[in-house]
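Enquirer: Starting from these lines, generate the structure:
(2 chains)
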Amino acid sequence: MNRTRISETPQAVGQKVLIKGWAQTVRDHGKITFIDVRDHTGIIQCVGVNLTKIPVESAVSLEGTIVARPEKLVNKEIVTGTIEMQIETATVLHAAHEMPFDMGQKELNLELPTLLDWRALTLKHSREQAIFRLQAAVAQGFRESAEEMECMEVFTPTVAASSTEGGAEVFKVQYYEHSAFLIQSPQLYKQITAGAFERVYVISHVYRAEPSVTTRHLSEVVQMDCEFSFLEFPELLDALEHVGTGMIKYAAEMQPDVLKLYGIDHPKVPTKVPRLKLREAQEIIKERTGRDVTKEQDLNPEDEREICAWALEMHDSDFVTITHFPTKKRAFYTMPDPEDPEFSLSFDLLFRGIEISSGSQRIHDYDELVTAITSRNMNPKDFELYLQAFKFGMPPEGGFSFGLERVTMKILELDNVRRASLFPRDMERVDVRLATLQDKA
RNA sequence: GGGGCCGUGGUCUAGUGGUUUAUGACACUUCCCUGUCACGGAAGAAAUCGCCGGUUCGAAUCCGGUCGGCCCCGCCA
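Expert: Next comes the predicted model:
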């Protein structure tokens, strides 16, 4: 018999079907037993008489007849609540071991280390799964939006011969007889490919060895990048806002049930995302709070929350774009503003109080780029392949990137970015807590 | 890198102005239950209160150290 998806069972009333899935909860009433069976499409209640014991979360295969429930037994909480399966044959494909904690609750009430120590199990919980269904939709939304902007997907390496952008801390790896580094960003490769394919996007893993232990930092993240040739600064901001809002809007529209489960309102996407220069944003913060941040080189997390509150009040927008950060605070390839070189043609996109994207117009002149590299005490020799791109007709170009986990975290208002990563890596954990390992380096 | 806080059965917790049989819930085991849907009822097992040392007649509780964890700032996605 062909397997029927659980989402299809309401259309199969009166029919004998085969379903496969996991026994999410088992309610044993003596002779009669109710099993809520979950597959990747949904949940259905199955009823059996004199069943052998089925441990919770066991993989099961059930044959039986789909029947309509009497009016008073309908469960309005679940999609399949008007029907149920009367079990004729129950087969346990794999009996689950005893749960280390209660998996049957609506929410897993676990501390973060416990949640991650038991990741293979906790990922089976519907509320955890919802996070990653949304995340998949965010990535898909990014692809759709980038392709609307005529970008082509490219696949770039994560091992590089030199540390890509200098300054920040990188992971060093042994590479045959040499040292190599895990990339902090696909930046240099996407610029090279943008010089060839004109418009590109990349979804890449990136690695940061910074000793940051916060609720929004990971050592390995998925970064989603775009890079555009022949775009000037204002068009670049248009592209940023198109992709940034389009991606989040897409995810929200594709996964409304996830937003509902987490009690999250749909994102407010304005027709025009408000744009402020850093100094303008700082003036607004000063007016609103009295805190004088107008001399600061960047917005701190409190400032980001404040300027987002302003955007929501004044523009009914969950998004705000901040531009013109100080040149010396940005990466070497960032183009200084010709009208005021102290500041750069750089930008951040903020969403609900947090930075979800950074980018800039790039320096596309070879000599200027070499000067920028040397002025930061880096060696142009380490950028040989990259610089090659700027010798052969590199047009004005720029781009931006998003952190997938951080976007996911912020859409669902999760309290820690680790919850938005299937297998988070940080200073203390790679799958298991590093402190539990014997081979301390 | 700087600062703040927390470690109690498998899990999540109460108790931290010194005297308890160390609280409760869920999970687990046994029994009862043919309409539950986070099923219900009865009973049971399960914690030397992270570890080491100190103060005291007496420490889960106070002090010191140590290990583990969480949060904030810096930096960033």
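
Enquirer: wait, doesn't A:S126 sit right on A:R38?
Expert: Yes - counting by CB atoms under 8 Å, A:S126 does reach A:R38; the two are 7.3 Å apart. Yep, even glycine has a C-beta here, placed from its N, CA and C like the rest.

Enquirer: For these two, work out which one has more neighbours and name it.
Expert: Between A:S126 and A:R38, counting by other CB atoms under 10 Å, A:R38 is the more crowded of the two (19 against 14).

Enquirer: what residues are up against the more buried one?
Expert: Shown in contact with A:R38 (CB atoms under 8 Å, 6 or more residues apart in numbering): A:6, A:21-22, A:24, A:126.

Enquirer: for it, helix, strand, or coil?
Expert: For A:R38, the assignment made with DSSP: H, G, I helix; E, B strand; the rest coil gives strand.

Enquirer: Mind giving me the packing neighbours of the helix or strand hosting A:Q129?
Expert: Assigned by DSSP states H and E, A:Q129 belongs to helix A:126-148. If contacts are counted by 3 or more CB pairs under 8 Å, 6 or more residues apart in numbering; DSSP states H and E, helix A:126-148 sits against strand A:199-207, strand A:220-229, helix A:233-254, helix A:256-261, helix A:404-411.

Enquirer: Identify the residues contacting that helix?
Expert: If you take CB under 8 Å, 6+ apart as the criterion, helix A:126-148 is touched by A:38, A:43, A:106-108, A:115, A:122-123, A:153, A:201, A:203, A:222, A:224, A:226, A:242-243, A:246-251, A:254-255, A:257-259, A:261-262, A:402, A:404-405, A:407-408, A:411-412, A:414, A:419-420, A:422.

Enquirer: Name every strand pairing with the helix or strand of chain A with the lowest mean pLDDT and say which way it goes.
Expert: Sorting the helices and strands of chain A by mean pLDDT, DSSP states H and E puts strand A:432-433 at the bottom, at a mean of 86. As defined by DSSP bridges, the strand partners of strand A:432-433 come to strand A:429-430 (antiparallel).

Enquirer: can you tell me the distance between the two ends of stretch A:188-204?
Expert: 13 Å (CA to CA, to the nearest Å).

Enquirer: and the closest residue to RNA strand B within the stretch 151-300 of chain A, how far is that from A:S357?
Expert: Nearest residue of the stretch 151-300 of chain A to RNA strand B: A:N300, at 2.7 Å (CB to the nearest atom of the strand). Shown here: A:N300 relative to A:S357, a distance of 18 Å by CB to CB, to the nearest Å.

Enquirer: Same check on A:A372?
Expert: Distance from A:A372 to A:S357, by CB to CB: 22 Å.

Enquirer: same deal with A:Q388?
Expert: A:Q388 is 28 Å from A:S357, by CB to CB.

Enquirer: which one of the two has more residues nearby?
Expert: A:S357 (25 against 13).

Enquirer: ok, the nearest residue to the more buried one once chain neighbours are set aside - how many residues close by?
Expert: Nearest residue to A:S357, sequence neighbours excluded (CB to CB, 6 or more residues apart in numbering): A:L349, at 4.0 Å. Here the number of neighbours of A:L349 (other CB under 10 Å) works out to 23.

Enquirer: Could you check the pLDDT of A:L349?
Expert: Here the pLDDT value assigned to A:L349 is 96.

Enquirer: a helix runs through it, doesn't it?
Expert: No - if the criterion is three-state DSSP, then A:L349 is strand and not within a helix.

Enquirer: Return the distance of the helix holding A:Q129 from the chain's centre.
Expert: Its chain's C-alpha centre and that of helix A:126-148 lie 8 Å apart, by CA atoms, centre = their mean, to the nearest Å.

Enquirer: For it, buried residues please.
Expert: A:128, A:130-131, A:133-135, A:137-139, A:141-143, A:145-146 (16 or more other CB atoms under 10 Å).

Enquirer: swap in stretch A:366-374?
Expert: A:366, A:369, A:372-373.

Enquirer: Closest to RNA strand B out of the residues you listed?
Expert: So of the buried residues of stretch A:366-374, ranked by how close each gets to RNA strand B (CB to the nearest atom of the strand), first place is A:A372, at 15.6 Å.

Enquirer: mind listing what that closest one touches?
Expert: Contacts of A:A372 (CB under 8 Å, 6+ apart): A:332-333, A:363.
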